[in-house]
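Asks: sequence first, predicted model second:
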Amino acid sequence: MRDALWTALKTVNDPELHRDLVSLGMIERAEVEGRVAHVKVNLTTPACPLKGKIEGDVRAAVLSVPGIEDVAVTFGAMVRTGGQPALPGVKHVLLVGSGKGGVGKSSVAVNVAAALARDGARVGLMDADVYGPSVAHMLGEGGARVTANAERKMQPLTAHGLRFLSMANLSPAGQALVWRGPMLHSAIQQFLKDAAWGDLDYLIVDLPPGTGDVQLSLTQTIQVTGAVIVTTPQDVALIDAARAIDMFRKASVPVLGVVENMSYFVAPDTGLTYDLFGRGGSRKLGSLPMLGEVPIDVAARQDADAGLPTVLAHPESTAAQALTQVARNLAGRVSVQALSDLPEQLPVL
Ligand SMILES: Nc1ncnc2c1ncn2[C@@H]1O[C@H](COP(=O)(O)OP(=O)(O)OP(=O)(O)O)[C@@H](O)[C@H]1O
């Protein structure tokens, strides 16, 4: 019956990769005890957006095997890389960029990082927005100071289950950074290479808005997995977002998707929805995957000011759920990107 079980599992495809779970090496264990099958699926990310669908498909396939009356499906996860990791120990570097300032790029970066960490991924967050570093404040650690470890490497700070580094934790609060290109380049290098990030599944990088030196420096120094574009839906933001997309394309950085922030507003007193900036406008950016539409949410802003990612502070709010879905959709895109170049038959793990 064991062979029949594996044959049945071979009929289940990963919904995004369109290949069967067995040849993708995602079935870690499949055994039959009496009339009960035990299957352990090793997902390609703990933040898998399609876990429910995969579980349903596995159950249906296994229960079609004659003699099997019940099935217990359990899950593990291991984030894969397509080739060499971006940095030693860091599987994926993901850039969060925007064309315009103030569209919510840092908010999205912080909440995506916190949501991935809550789902069980090992996550780092690097604040490369050197002119307006807000990550530390949004994590409630604006006053913390970075120290060096025994190997004289910068020791990332920790908050809400993730590791982070921000220029705000190096320079005295309120002091402006007046840096030229080469200095910026070396600061970015240090954040990437002279920091003890440890083992990470995802290193999320909050870029400055626009298309300047920091973005260039990052895309030229390391092999990033891809970029996410955050925009609001009105034309003035989209014009700049299109420029940012063009910059990533020219730098051969895949754009993994778009997040439409401040997409709409639901009045808390009446429940009426207002499309303040023209919900859905970001579809004008072309055929890029839409990772999610995040509404304007007063609590999300208050949580950011209070140093708490809203996905953790108000996980039930519409904005928090949209941001959680953005994180999972992004993790899904990363898996697709990493696994689509793999050979036909992978070893079973
Ligand atoms: N969906 C939202 N609902 C309500 N407030 C939001 C939302 N997204 C972001 N904000 C608020 O808007 C402000 C700007 O957000 P944020 O700093 O994330 O933007 P940014 O694009 O990173 O800006 P910058 O260009 O300065 O780096 C912050 O006060 C933040 O809390």
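Replies: That came in fine, so what should we check first? Residues are numbered from 1 along each chain as shown.
Asks: centre of the chain to the helix or strand bottoming out on mean pLDDT in the chain, how far?
Replies: In the chain, no helix or strand scores lower on mean pLDDT, DSSP states H and E than helix 181-193, which sits at a mean of 80. Offset of helix 181-193 from its chain centre (C-alpha atoms, centre = their mean, to the nearest Å): 23 Å.
Asks: run through who's touching it.
Replies: Residues from elsewhere that reach helix 181-193, judged by C-beta atoms under 8 Å, 6 or more residues apart in numbering: 87, 126, 128, 130, 154, 165, 167, 179, 213-214, 217-218, 221-222. Bear in mind the C-beta positions are built from the backbone N, C-alpha and C, glycine included.
Asks: burial measure for Gly76, as a count.
Replies: 14 (other C-beta atoms under 10 Å).
Asks: name the nearest residue to it, ignoring sequence neighbours.
Replies: Spatially, and ignoring its direct neighbours in sequence, Gly76 is nearest to Asn42 (4.8 Å; C-beta to C-beta, 6 or more residues apart in numbering).
Asks: could you look up the SS state of that neighbour?
Replies: Secondary structure, DSSP: H, G, I helix; E, B strand; the rest coil: Asn42 is strand.
Asks: next up, the contacts around it.
Replies: Applying C-beta under 8 Å, 6+ apart to Asn42 gives the contacts 25-28, 75-78, 349.
Asks: now with 10 Å?
Replies: Asn42 is in contact with 21, 24-29, 74-78, 80, 348-349, counting by C-beta atoms under 10 Å, 6 or more residues apart in numbering.
Asks: biggest separation within those residues, which pair?
Replies: Maximum pairwise distance in these, criterion C-beta to C-beta, is 19.3 Å, between Thr74 and Arg80.
Asks: quick one, which of those two is more surrounded?
Replies: The residue with more neighbours, out of Thr74 and Arg80, is Arg80; 19 against 12, by other C-beta under 10 Å.
Asks: mind pulling up the pLDDT for the more buried one?
Replies: Arg80 is assigned 91 on the pLDDT scale.
Asks: same question, the one 5 residues further on
Replies: According to the prediction, Pro85 has pLDDT 84.
Asks: what parts of the stretch 151-300 of the chain come near the ligand?
Replies: For the stretch 151-300 of the chain, the residues in contact with the ligand (C-beta under 6 Å from any ligand atom) are 209, 261-262, 294, 296-297, 300.
Asks: and these, which two are furthest apart?
Replies: Greatest spacing in these, by C-beta to C-beta: Pro209 and Asp297 (21.1 Å).
Asks: once you drop chain neighbours, what's closest to Gln220?
Replies: Using C-beta to C-beta, 6+ apart, the nearest residue to Gln220 is Ala251, at 7.4 Å.
Asks: can you check Arg29 too?
Replies: The spatial neighbour of Arg29 that comes closest, neighbours along the chain excluded (C-beta to C-beta, 6+ apart), is Lys40 at 4.0 Å.
Asks: what is the neighbour count of that neighbour?
Replies: Applying other C-beta under 10 Å, I find that Lys40 has 16 neighbouring residues.
Asks: tell me the contacts of it?
Replies: With contacts defined as C-beta under 10 Å, 6+ apart, the neighbours of Lys40 are 26-31, 72-76, 349.
Asks: same thing but at 7 Å, please
Replies: 28-29, 74, 76 (C-beta atoms under 7 Å, 6 or more residues apart in numbering).
Asks: just put those residues in CSV and tack on pLDDT.
Replies: Formatted as CSV, those follow (pLDDT from 0 to 100):
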residue, pLDDT
Glu28, 95
Arg29, 95
Thr74, 96
Gly76, 96
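Asks: looking at the residues you listed, which is nearest the ligand?
Replies: Closest approach between the contacts of Lys40 and the ligand, by C-beta to the nearest ligand atom: Gly76, at 33.3 Å.
Asks: that closest one touches Glu28, doesn't it?
Replies: Yes - using C-beta atoms under 7 Å, Gly76 makes contact with Glu28 at a distance of 6.1 Å.
Asks: any idea how far Thr74 is from Ala195?
Replies: According to C-beta to C-beta, to the nearest Å, Ala195 stands 35 Å off from Thr74.
Asks: for Ile229, what are phi and psi?
Replies: The phi and psi values for Ile229, taken as degrees, to the nearest 10, are phi -110, psi 130.
Asks: apologies, that question was intended for Ala227.
Replies: Taking degrees, to the nearest 10, you get phi -130, psi 150 for the backbone angles of Ala227.
Asks: what's around it, how many residues?
Replies: 26.
Asks: and it, what are its bridge partners?
Replies: In this entry, Ala227 is beta-bridged to Leu95, Val255, by DSSP bridges.
Asks: and it, what pLDDT?
Replies: Ala227 carries a pLDDT value of 96.
Asks: up against the ligand, what does the stretch 1-150 of the chain have?
Replies: Looking at the ligand, the residues of the stretch 1-150 of the chain close enough under C-beta under 6 Å from any ligand atom are 98, 101-107, 129, 132, 134.
Asks: can you do 5 Å?
Replies: Residues of the stretch 1-150 of the chain lying close to the ligand (C-beta under 5 Å from any ligand atom) are 101-107, 129, 132, 134.
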